[in-house]
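Q: Sequence first, then the predicted structure, then my questions.
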Amino acid sequence: MSASNELQGATTRAVAVLELAHAAFRAANARPELTFQQLLTLNFLARGMTTHRAVRLLVENGLNGEAAATMRTLVELDIDLAFILIKDTDVRFERFFDYEHVVMHRILEENPDSMSEEKAQGVRQRYAAVRQNYPNPYRWIDLSIKKRADAANRSSSYKTAYALGSGASHAGLGSLKYSVGSSADEITLYVESREPHPALLEFSSNSLWRLTHSVASHLRLGIDDDLERVAKLLEAATHPGG
C-alpha cells in the first residue's frame with residue numbers, strides 16, 4: 001500500500017473514531033442533569049477529542065515529532081481515566097482534579113511575583129486544604145504512570161506511547177531525530193514538513209476509542225453497537241485480511 005493510501009485509510013478511521021466520541025458526548029449531554037463527577041468524566045473525553053484532532057492535523061502536515069508528543073497526552077488521558085474508574089472512583093477523581101492546587105502552589109513558590117497578592121492568597125488557602133493528600137507533590141497519586149497503566153490494562157499503550165512520545169516531547173536525541181534524515185551518506189536537516197507517519201494517527205485513534213469506551217461504560221450511554229462497529233474498523237486495519 002502506498003504512503004498516500006495508508007494516510008487516507010488512517011484518516012478515514014480517525015474520522016470514524018471522532019464521530020463515535022461525538023456521539024458519546026451528545027448522548028451524555030442529552031441527559032436532563034449531569035452530576036459533577038459525570039461532568040469531570042466528560043472533561044476527559046472533550047480533551048481527548050481535541051487532542052486527537054490535533055494529532056490528525058499534525059500527521060497530515062508531516063509534523064511527525066509534534067504529532068508523537070501530542071499523541072502522548074491522549075494516551076495519558078486514556079490511562080488515567082481507566083485507572084480512576086477501576087475502584088475508589090470518587091476519591092481518585094477528587095485527587096486528580098485537586099492536584100491542580102498543588103501545581104499552582106509550586107508555581108507560586110518558584111515564581112513569587114507571578115501573581116497578585118489576592119490571587120496568591122487564594123492559591124495558598126486551596127493548597128493548605130489539600131496538601132495532606134499529596135505526599136509526592138510531583139504526582140496526583142503516588143503511583144507512576146507505568147504502574148497506573150499496568151493497573152488499568154494499558155501496558156501496551158504505555159510502552160508504545162512512551163517509546164515514541166517521550167522522545168519527541170523532551171530535548172534530546174529522541175526529539176532531534178524528527179528533523180534529521182540521511183541519504184547517500186548526506187545528512188539533511190528538515191525545518192519543513194516530512195513524509196506523514198500514519199501509524200501515529202492510527203495509534204491516536206485506538207487511544208481515543210479506548211477513552212470513549214471508558215466514558216460510555218461509566219456513564220452507561222447505550223452506544224455499544226457503535227463502539228463495536230468502530231472497534232471492528234480499527235481491528236481490520238491492524239489485521240488486514242482477517
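A: Now that the structure is in, tell me what you want to look at.
Q: Please go through this structure and pick out the longest helix.
A: The residue-count maximum for a helix in the chain (DSSP state H) belongs to helix 3-29.
Q: how about the residue nearest to S193 when sequence neighbours are not counted, secondary structure?
A: Distances taken as C-beta to C-beta, 6 or more residues apart in numbering put G62 closest to S193, at 3.1 Å, once the chain neighbours are dropped. (C-beta placed from N, C-alpha, C; glycine too.) Here G62 is recorded as coil under DSSP: H, G, I helix; E, B strand; the rest coil.
Q: swap in S193?
A: Relying on three-state DSSP, one would call S193 coil.
Q: thought it was touching L63?
A: Yes. Using C-beta atoms under 8 Å, S193 makes contact with L63 at a distance of 6.4 Å.
Q: the more surrounded of these two?
A: More crowded of S193 and L63, by other C-beta atoms under 10 Å: L63, with 21 against 12.
Q: Can you report phi and psi for the more buried one?
A: phi -100, psi 70 (degrees, to the nearest 10).
Q: looking at this structure, which helix or strand is least sure?
A: Across the helices and strands of the chain, the lowest-confidence element by mean pLDDT, DSSP states H and E is strand 180-183, at a mean of 72.
Q: which element follows that strand toward the C-terminus?
A: Downstream of strand 180-183, the next assigned helix or strand under DSSP states H and E is strand 186-189.
Q: wait, what's in contact with K177?
A: Listed by C-beta atoms under 8 Å, 6 or more residues apart in numbering, the contact partners of K177 are G167.
Q: how much space is there between it and G65?
A: 8 Å (C-beta to C-beta, to the nearest Å).
Q: Figure out the helix or strand that the residue most central in space within the chain lives in.
A: Centroid-nearest residue in the chain, with C-alpha atoms, centre = their mean: L74, separated by 1.2 Å. Assessed by DSSP H and E, L74 sits inside helix 64-86.
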